[in-house]
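K.L.:
Just to be clear, the model below is a prediction. Sequence and coordinates:
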Amino acid sequence: MNGLLVLFDLVLLAGIVGVAWRCLASTDLFRAAVLFVTFGLLLALAWVRLEAPDIALAEAAIGAGITGALLLVTLERLRSIMAERRSGRPHTPPPDPTGPHALLRALHDPPPERRTFIPALTFALVVGALLVTTLWHQPPSMGLEPVVDAHMDASGVDHPVTAVLLNFRAYDTFLELAIVLIALLGAWSLGRHDLIPARPAPGPILPGTLRLLVPVAIVTGVYVLWAGSHAPGGAFQAGAILGAAGILLVLARPRQLPMAPGVPLRLGITAGVAVFLLVGLYGLAAGHGFLGYDRAWAYPLIILIEVAATLSIALTLVALFVAGRPAGDDA
Amino acid sequence: MNVFYLSAALFLLGTILLGLVRVLRGPGSGDRMLAAQLFGTTGVTILLLLSLALEESALMDVALVFALLAVVAAVAFVRQHGLPEPPDTPIHSQQAESAEPEEPNDDR
Amino acid sequence: MIANALTGVLLLAGLVFFAAGTAGLLRFPDVYSRLHALTKADNVGLGLVVLGLMFQASGPADILKLLLIWLLVLAAGTTAAHMVAQRTWTHGEFESDR
């Protein structure tokens, strides 16, 4: 059985490297996007084999689902913008490698020249050799697992990953949530979106299926959030699932989407960072240090932070998909 | 039994790698999308088999999440984000037949 | 013992359908027939595998979770196949290998 596992891992590795190669070398951007979705799936399997089901959950939700949707929608938007510009011009402009039409040509381009192959291969070999020699000489150690296990009863939850993310190293998770918020602010600073028009589907299949899938997605998201305290799961994964449900609703809108109310939307998006900050300051005021928990209050505080973080991440993902701050309420 | 599950998982991984040919070659975008859909389902099956072989019950949750999110990419492909179709796609060159493309009526 | 044998048989049957789905994906001439092949792998292949794994489940929660996974893939796969076919139909990207 061990041999079979090794064989499985080797085939998986070959698949990952092969898909990554074909994705980067692809001349057709749509094919590259689909290969990227496949890459996300194989990477989720790799995380499973590395005994990290939490990351596999996050990779399945974000890498294979949401990022795939983002890439495909962006690609279509690019094509139609370029086609509008192209059809509006009275003359054909000269080929310009950095101009706006370079993107359109990149959709169907000849393969890259051979000159970059040798330096790229040398670089890959050197980095690979460095990695192998470094990892070979690592002293064998158990890592932090015994240390974490020794302190599990002080953490308030039963799952070591959640304990590390939200108790022992809560500072890192707090900063990660802040980074997600900053990413959204960056995307919002690029433009605003107008009212999204209705686009009723030509048939009952899509609305009917979404009527089934979206409630199941919501329940699954809440389940994954709750399961994070004793099994793989947690706020990021739950937020990604709920965000995917929101993206489905945005994609399949039978009626015009209402403009998101400005203040509640912003409250929801900042809720994760804000609640984390408040809990941290409360810990500081109560004498446990910033983001320190009292042992009895650890579990409720962790749940509170996770609920706020889930809401924030879900709203942020949908807002990133809609891509543009809501028009009409610029201060 | 574990050997059996792992062999089945290995076989399914092989079918994914074979199906990549369709993603690489498939002339239309629909071919590529449907291959990705098949990879999603095969991935769910591999995860279920691994959850039994590695005795990690959390992998069933991963399979559940995968089954849910496999449809997001397909829906995104079909329902691009609401911009009007560019004027040089074939749908506009079929104006002679009808204002809207005909759809089969027998499965409504 | 009997459970293991049943699981083995059902898993093998499911794998046959998955193999048929991939073979159809590679060998059929156009999008619509490939969709036909892949939905067989989706529905029947996964259904047989799930049925086989139900005999190995450790409790009713696991059995229901397996059933839910199958129903979700059923709904998602069917919708995706329908929509891809509809989009190919309306956008005229139909290319046949024959």
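P.N.:
Yep, that arrived. What you are looking at is a predicted structure, and each value in this text was computed from that prediction instead of being measured.

K.L.:
near chain B, which residues of the stretch 151-300 of chain A show up?
P.N.:
Residues of the stretch 151-300 of chain A lying close to chain B (C-beta under 8 Å from any C-beta of the partner chain) are A:196-197, A:199, A:201-204, A:206, A:209, A:213, A:216-217, A:220, A:224, A:227, A:231-233, A:237, A:241, A:244, A:247-248, A:251-253. (Each C-beta comes from the backbone N, C-alpha and C, glycine too.)

K.L.:
burial of C:Ala57, as a residue count?
P.N.:
18 (other C-beta atoms under 10 Å in any protein chain shown).

K.L.:
still on that earlier bit, which of the residues of the stretch 151-300 of chain A next to chain B are buried, as a ChimeraX select command?
P.N.:
Only the buried members of these enter the following ChimeraX selection, criterion being 16 or more other C-beta atoms under 10 Å in any protein chain shown:
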select /A:196,199,201,206,209,213,216,217,220,224,227,231,232,233,237,241,244,247,248,251,252,253
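
K.L.:
Just the ones of the residues of the stretch 151-300 of chain A next to chain B in helices?
P.N.:
Residues of these located in helices (DSSP state H): A:206, A:209, A:213, A:216-217, A:220, A:224, A:227, A:237, A:241, A:244, A:247-248, A:251.

K.L.:
so which pair among the residues you listed is furthest apart in space?
P.N.:
Maximum pairwise distance in these, criterion C-beta to C-beta, is 29.8 Å, between A:Leu206 and A:Ala227.

K.L.:
ok, which of the residues of the stretch 151-300 of chain A next to chain B also contact chain C?
P.N.:
Contacts with chain C within these, counted by C-beta under 8 Å from any C-beta: A:Pro202, A:Gly203, A:Leu206, A:Thr209, A:Leu213, A:Val216.

K.L.:
what residue lies at the spatial centre of chain C?
P.N.:
In chain C, the C-alpha nearest the mean C-alpha coordinate belongs to C:Asp42, at 1.2 Å (C-alpha atoms, centre = their mean).

K.L.:
What pLDDT is listed against the closest residue to that residue other than its chain neighbours?
P.N.:
Using C-beta to C-beta, 6 or more residues apart in numbering or on different chains and skipping residues adjacent in sequence, the residue nearest C:Asp42 is C:Gly77, 3.8 Å away. Per-residue confidence (pLDDT) for C:Gly77: 89.

K.L.:
now swap in the one 4 residues further on and tell me
P.N.:
Listed pLDDT for C:Ala81 reads 90.

K.L.:
B:Thr41 is in contact with that one, correct?
P.N.:
No. Using C-beta atoms under 8 Å, C:Ala81 is not in contact with B:Thr41; the gap is 10.9 Å.

K.L.:
buried set for the strand or helix carrying A:Gly18?
P.N.:
Using DSSP states H and E, A:Gly18 sits in helix A:2-25. By neighbour count on 16+ other C-beta under 10 Å, the buried set for helix A:2-25 is A:Leu4, A:Leu5, A:Phe8, A:Val11, A:Leu12, A:Gly15, A:Ile16, A:Val19, A:Ala20, A:Arg22, A:Cys23.

K.L.:
likewise stretch C:55-74?
P.N.:
C:Gln56, C:Ala57, C:Asp62, C:Ile63, C:Lys65, C:Leu66, C:Leu68, C:Ile69, C:Trp70, C:Leu72, C:Val73, C:Leu74.

K.L.:
Those also near chain B: which ones?
P.N.:
Taking C-beta under 8 Å from any C-beta as the test, chain B is in contact with C:Gln56, C:Asp62, C:Lys65, C:Leu66, C:Leu68, C:Ile69, C:Leu72, C:Val73 out of these.

K.L.:
Burial check on A:Ala64, number of neighbours?
P.N.:
For A:Ala64, the neighbour count with other C-beta under 10 Å is 29.

K.L.:
Equivalent analysis for A:Ser229, please.
P.N.:
A total of 19 residues lie near A:Ser229 under the criterion other C-beta under 10 Å.

K.L.:
what does the helix holding A:Gly18 rub up against?
P.N.:
Helix A:2-25 has contacts (C-beta atoms under 8 Å, 6 or more residues apart in numbering or on different chains) with A:32, A:35-36, A:38-39, A:42-43, A:45-46, A:49, A:111-112, B:3, B:6-7, B:9-10, B:13-14, B:16-17, B:20, B:24.

K.L.:
Neighbour count says what about the residues you listed? Which are buried?
P.N.:
Neighbour counting over the contacts of helix A:2-25 (16+ other C-beta under 10 Å) leaves A:32, A:35-36, A:38-39, A:42-43, A:45-46, B:6-7, B:9-10, B:13, B:16-17, B:20, B:24 as the buried ones.

K.L.:
for chain B, which spans come out with low pLDDT?
P.N.:
When residues are selected by pLDDT under 70, those of chain B lie in B:80-108.

K.L.:
same thing but 50
P.N.:
Within chain B, the stretches with pLDDT under 50 are B:81-108.

K.L.:
And the residue nearest the centre of it?
P.N.:
Nearest residue to the geometric centre of chain B (C-alpha atoms, centre = their mean): B:Gln37, 0.9 Å.

K.L.:
quick one: pLDDT of the residue nearest to the centre of chain C?
P.N.:
We note a pLDDT of 81 for C:Asp42 in this prediction.

K.L.:
Skip the chain neighbours and tell me the closest residue to A:Pro160.
P.N.:
The shortest distance from A:Pro160 to any non-neighbouring residue, by C-beta to C-beta, 6+ apart, is to A:Val148 (5.0 Å).

K.L.:
what's the answer for C:Val73, then?
P.N.:
B:Ala67 (4.8 Å).

K.L.:
quick revisit: narrow the buried residues of stretch C:55-74 to those in strands?
P.N.:
In strands, defined here by DSSP state E, there are no members of the buried residues of stretch C:55-74.

K.L.:
Looking at pLDDT only, which of those residues scores worst?
P.N.:
Ranked by pLDDT, the buried residues of stretch C:55-74 bottom out at C:Ala57 (85).

K.L.:
residue contacts, C:Met54?
P.N.:
By C-beta under 8 Å, 6+ apart, C:Met54 lies in contact with C:Ile63, C:Leu66, C:Leu67.

K.L.:
Let me know the closest of the buried residues of helix A:2-25 to chain B.
P.N.:
Of all the buried residues of helix A:2-25, chain B sits closest to A:Leu4, with 4.3 Å by C-beta to the nearest C-beta.

K.L.:
so who does whatever residue of chain A ends up closest to chain C touch?
P.N.:
For chain A and chain C, the shortest gap (C-beta to the nearest C-beta) falls at A:Thr209, measuring 4.1 Å. If a contact means C-beta under 8 Å, 6+ apart, then A:Thr209 has B:Val71, C:Ala75, C:Ala76, C:Thr78, C:Thr79 as its contacts.

K.L.:
Could you measure from it over to B:Arg32?
P.N.:
The gap separating A:Thr209 from B:Arg32 is 21 Å, by C-beta to C-beta, to the nearest Å.
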